[in-house]
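Peer 1: with the input below, show me the fold.
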Amino acid sequence: MSVLDKPTIVVVGNCQARNLHRCLEESPELTERYRLVYVRNFRKGDQGVVRPEDMERCAVLLEQVAHKAPELPIKEHLPADCQVIRFPILWLGSLWPLATADPRNRPTERHPTGPFPYGDKMVLKLVEQGLSPDQVAERYLAMDPRDEMDLDRYHEIVVAKLVDLDRRSEVKGGTFVLENFRTERLLVTPNHPAEPLTRFMRDRVFEYLGVKPPASDLMDAMASLDDFHLPIHPAVAEHFGLQWCGEDMVYRYFDERFGVKDFIREFSRPLEAVTV
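Peer 2: Below is the predicted model of the structure:
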């Protein structure tokens, strides 16, 4: 049987789904039986091309559930016996309550997606005041996000969304996050999973497929999702009782790793002065 004649497993969703697709590619048992197809489907206007023939030969549809994701096109081409396994988008905005798009971010030769892929409203406010990176770092750690917003109310909203996504999914990733985020580092940004959460999702999907997960290194599959860690403000870590996030916590800024103060100092530099 040629590759094009094989039934397909179609994986649909954002960059988290792409990483799941990479995990599937590491399984000889799956690649022998199926052709694996990834289709990006994140927000309106941010969709990949879905080929009718891929859907017509689809044996398993792994579909990410998200509140802003548009409906997958040409679903009517799916065979009646196609197995559909839904999994939620993984996130926990509660730990980064002031995360925002960073207006300083733009592509550079060294960083095609930009050196500021995430922003922090408190950092940006201090940068706009013309403070030096050292001053920004000092002021940032002296500030308290609880003065900016109600962390508990925001967490209630996040929890409600996670519960709703799990209700619509076979793989209960939101439940896993809510049960374990205080004792284990599950995400490195509001929506980029760390290794334990990636492992949980991979293992549950393979369990549904009836296939043993590969022994390959998950960090390879995670690829660029682990190259930038947005720091958690110490006051937020204290508020939520994060057992794993202490004073010695280290965050990755592309090829470098910093404690929270040094990270904020580097993160506060003008675009042309970023050294990492």
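Peer 1: against L197, how distant is the closest residue to D166 other than its chain neighbours?
Peer 2: Counting by CB to CB, 6 or more residues apart in numbering, D166 lies nearest to G174, which is 4.2 Å off, once chain neighbours are set aside. All C-beta atoms are positioned from the backbone trio N, CA, C, and that covers glycine. From G174 across to L197, the span is 11 Å (CB to CB, to the nearest Å).
Peer 1: shared neighbours of these two, which are they?
Peer 2: By CB atoms under 8 Å, 6 or more residues apart in numbering, G174 and L197 have these common neighbours: L90.
Peer 1: low-confidence ranges, the stretch 101-250 of the chain, go.
Peer 2: 217-224 (pLDDT under 70).
Peer 1: just the helices from it, written as ranges.
Peer 2: Along the stretch 101-250 of the chain, counting by DSSP state H, counting those that start in this stretch, helices occupy 121-128, 133-142, 151-167, 173-180, 195-209, 218-222, 234-240.
Peer 1: what helices and strands are in contact with the helix or strand following the last one?
Peer 2: Sequence-wise, the next helix or strand beyond helix 234-240 is strand 250-253, with elements assigned using DSSP states H and E. Judged by 3 or more CB pairs under 8 Å, 6 or more residues apart in numbering; DSSP states H and E, strand 250-253 is in contact with strand 256-259, helix 260-267.
Peer 1: average pLDDT for the first one?
Peer 2: Model confidence over strand 256-259, given as mean pLDDT, is 96.
Peer 1: and that strand, what does it pack against?
Peer 2: strand 250-253.
Peer 1: pull out the buried positions in the strand it packs on.
Peer 2: Y251, R252, Y253 (16 or more other CB atoms under 10 Å).
Peer 1: one step back: can you tell me which residues contact the residue nearest to D166?
Peer 2: Per CB under 8 Å, 6+ apart, neighbours of G174: P88, L90, L162, V163, L165, D166.
Peer 1: could you redo the last one with a cut-off of 10 Å?
Peer 2: 65, 87-92, 158-159, 161-167 (CB atoms under 10 Å, 6 or more residues apart in numbering).
Peer 1: cool, and L90?
Peer 2: 14, 16, 64, 66, 162, 165, 173-174, 176-177, 186-187, 190-193, 197-198, 200-201.
Peer 1: if we use 6 Å, what do you get?
Peer 2: Q16, G173, P193 (CB atoms under 6 Å, 6 or more residues apart in numbering).
Peer 1: ok so, going back, could I get the buried residues of strand 250-253 in JSON lines, plus columns for pLDDT and distance to V127?
Peer 2: Compiled in JSON lines, the buried residues of strand 250-253 are given as follows (pLDDT from 0 to 100; distance: CB to CB, whole Å):
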{"residue": "Y251", "pLDDT": "97", "distance to V127": "18"}
{"residue": "R252", "pLDDT": "95", "distance to V127": "21"}
{"residue": "Y253", "pLDDT": "93", "distance to V127": "16"}
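Peer 1: nearest to A101, of these?
Peer 2: Closest approach between the buried residues of strand 250-253 and A101, by CB to CB: Y253, at 17.8 Å.
Peer 1: residue contacts, the residue nearest the centre of the chain?
Peer 2: For the chain, H192 is the residue whose C-alpha lies nearest the centre (CA atoms, centre = their mean; 2.3 Å). Residues counted as contacts of H192 (CB under 6 Å, 6+ apart) are L225.
Peer 1: what's the domain layout of the protein?
Peer 2: 3-89+191-225, 90-190+230-276 (automatic domain parsing).
Peer 1: strands of the stretch 1-150 of the chain, residue ranges please.
Peer 2: Using DSSP state E, counting those that start in this stretch, the strands of the stretch 1-150 of the chain run over 8-13, 35-43, 46-47, 58-65, 83-88, 99-100, 119-120.
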